[in-house]
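1. Pasting the sequence and the predicted model now:
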Amino acid sequence: MRRLDRFRRSLRRAWFRRRGVLAGRVLAGGMLSLLLLLAGCGPKNAADVVHELDKLMAKLESYETDGKMILKTGGQDVEYTVSVWYRKPHYYRISLMNESNDVTQIVLRNDEGVFVLTPHLNKMFRFQSDWPERSGQVYLYQSLVHSIVSDQNRKFATDKDAFVFDVAANYANNSMLARQKIWLDKKSFAPRRVEVSDANANVLVEMRFDRFEFGKKFEAGAFDMHWNMSGPRGGENAQPQASPGAPGQNAASVGKAQEKRGASPGAGAASRGEPGGTAGTSDGRSATNTERAGADRDVGFGVVRPSYTPPGVREKDVVDLRLDDAPAVMLRYEGTYHYTLTESRPREQTVSMLAGEPVDLGFTVGVLVGDEPKTLVWWTEDGVEFRLSSAELPVEEMVRIARSTEGETGK
């Protein structure tokens, strides 16, 4: 009997020991699963986010965004209301409204080329370009993602609702922009904010995205030039309508004479700052130069002198001429660089060019065309057109000169 009791007790002890081992194994397995689950739901690192961005870009079809862009020029900040439409593969519509003068410009890319539109002046420049592939823009999602993915020395942080990347800035024609911080929404990876700074960490450009929508469906005609030239805001409040002919048809009708003017305004002796000769006009005719230094001219606007000239450069003279039967003036500069600045109020509404690139001047969008000479074209809200032409000036210097005309009054 005693032996039987001892045997039963030993069986019970063995059963409890086995049960404990099994329970321990189950507990350990549960803990391991929990740890793996927690690791999978844990905070993402930079490599995780970059991987997700790569996947997102591979399937990106379209988006729409609205926001505010602030340019800190050292004086008074310039604020733009920005609206961006994108549809795969290469359709872009960027509307930029300058808050200080209520002027809207539109940069448009479609199958016909790239357009810079100023609807309130009924003015349009059209040219062939691969923009924006070669020049990043702070308001374009593709540019921001590319700067994050391509920078192997990127810095990464998180805040409450966003991933924050500090990466190199690579914006064409502006080497002052050295670094940029980009805030991306943790859930959707949509942009929230961008700050672009110089080498001393001074913020020069700030972009705030108020709304961002992936997979946006656009109406037919949204990227059509004629539709975007209509309406009080260049098509924002207009309904799409059938285009009167192929986009760019009106641009082509201005003819080769205006193409020549666009590619090389002020060509010949005048554009090189050489004395004598005649100044060429847009229709191939010539006007005799009449040099009248310092006097007001009957051109319908005051002569504007840039507040910036490159070191070693001085104004040589001012030449009166006529362009398309309209009075104009040409300021000629010499020294370290030779260049001309032509100011006019042209009557033509459209200009077609073979090749060009939109250039952000801060207060407006200009067009850079040609090679030798290069020509930077921009215009004011009252229709005065500026053409800065030189075979010698670096593009960054051209942009600085152009920007220094903002706020200058005609004399």
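-> Yep, it's here.

2. Identify the bridge partners of residue 98.
-> residue 80, residue 103 (DSSP bridges).

3. Would you mind measuring from residue 102 to residue 210?
-> From residue 102 over to residue 210 the distance is 19 Å, taken as Cβ to Cβ, to the nearest Å. Using the backbone N, CA and C atoms, a C-beta is placed for each residue, glycine as well.

4. swap in residue 341?
-> 38 Å.

5. cool, residue 113 as well?
-> 30 Å.

6. more crowded one of the two?
-> Taking other Cβ atoms under 10 Å, residue 113 and residue 210 do not tie; residue 113 has more neighbours (20 against 11).

7. ok, the nearest residue to the more buried one once chain neighbours are set aside - contacts?
-> What sits nearest to residue 113 in space, not counting adjacent residues and going by Cβ to Cβ, 6 or more residues apart in numbering, is residue 128, at 5.1 Å. Residues in contact with residue 128 (Cβ atoms under 8 Å, 6 or more residues apart in numbering) are 113-114, 354-356.

8. Tell me the buried residues within those.
-> Neighbour counting over the contacts of residue 128 (16 or more other Cβ atoms under 10 Å) leaves 113-114, 356 as the buried ones.

9. Dump the residues you listed to a markdown table, plus distance to residue 43 and pLDDT.
-> Output for these, formatted as a markdown table (distance: Cβ to Cβ, whole Å; pLDDT from 0 to 100):
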| residue | distance to residue 43 | pLDDT |
| --- | --- | --- |
| 113 | 45 | 90 |
| 114 | 41 | 91 |
| 356 | 46 | 81 |
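
10. Between the residues you listed, which sits nearest residue 400?
-> residue 356 (19.6 Å; Cβ to Cβ).

11. Bridged to that closest one, which residues?
-> Beta-bridge partners, per DSSP bridges, of residue 356: residue 369.

12. so how far is residue 215 from residue 185?
-> In terms of Cβ to Cβ, residue 185 sits 15 Å off from residue 215.

13. and what of residue 375?
-> 40 Å.

14. low pLDDT regions in the stretch 1-150 of the chain?
-> For the stretch 1-150 of the chain, the stretches flagged by pLDDT under 70 are 1-42, 74.

15. just the strands in it please.
-> Secondary structure of the stretch 1-150 of the chain (DSSP state E, counting those that start in this stretch): strands at 62-71, 78-87, 91-98, 103-110, 113-118, 123-128.

16. The last one pairs with which strands, parallel or anti?
-> The pairing partners recorded for strand 123-128 under DSSP bridges are strand 113-118 (antiparallel), strand 350-360 (parallel).

17. same check, this time on the first one
-> In the sheet containing strand 62-71, the strands it pairs with under DSSP bridges are strand 78-87 (antiparallel), strand 203-214 (antiparallel).

18. Including distance to residue 64, could these go into CSV?
-> Shown next, in CSV, are these (distance: least, Cβ to Cβ, whole Å):
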stretch, distance to residue 64
strand 78-87, 5
strand 203-214, 5
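
19. Select, out of those, the one closest to residue 156.
-> strand 203-214 (19.6 Å).

20. Quick check: beta-bridge partners of the residue nearest to residue 113?
-> Bridge pairing for residue 128 - DSSP bridges - gives residue 355.

21. and the gap between it and residue 95?
-> 22 Å.

22. try residue 379
-> Residue 379 is 17 Å from residue 95, by Cβ to Cβ.

23. what does residue 65 give?
-> 11 Å.

24. Overlap in contacts, these two.
-> 82-84.

25. can I get these in CSV with distance to residue 363 and neighbour count?
-> Converted to CSV, the shared contacts of residue 65 and residue 95 look like this (distance: Cβ to Cβ, whole Å; neighbours: other Cβ atoms under 10 Å):
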residue, distance to residue 363, neighbour count
82, 14, 21
83, 18, 20
84, 19, 21
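
26. Throw those into JSON lines and include distance to residue 178, thanks.
-> Shown next, in JSON lines, are these (distance: Cβ to Cβ, whole Å):
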{"residue": "82", "distance to residue 178": "22"}
{"residue": "83", "distance to residue 178": "28"}
{"residue": "84", "distance to residue 178": "24"}
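
27. Which of those residues sits closest to residue 389?
-> So of the shared contacts of residue 65 and residue 95, ranked by how close each gets to residue 389 (Cβ to Cβ), first place is residue 82, at 29.8 Å.

28. looking at it, that closest one is touching residue 207, isn't it?
-> Yes. Counting by Cβ atoms under 8 Å, residue 82 touches residue 207, with 7.4 Å between them.

29. what do the two both touch?
-> Shared contacts of residue 82 and residue 207, counting by Cβ under 8 Å, 6+ apart, come down to 67-69, 139.

30. Mind jotting down where the helices sit in the chain?
-> Along the chain, counting by DSSP state H, helices occupy 2-40, 46-58, 141-150, 225-229, 249-252, 255-263, 395-403.

31. hmm, who's touching the third one?
-> Read that as helix 141-150. With Cβ under 8 Å, 6+ apart as the criterion, helix 141-150 contacts 50, 53-54, 56-57, 60, 63, 65, 84, 86, 132, 136-138, 154, 165, 167-170, 180, 182, 190-191, 194, 212.
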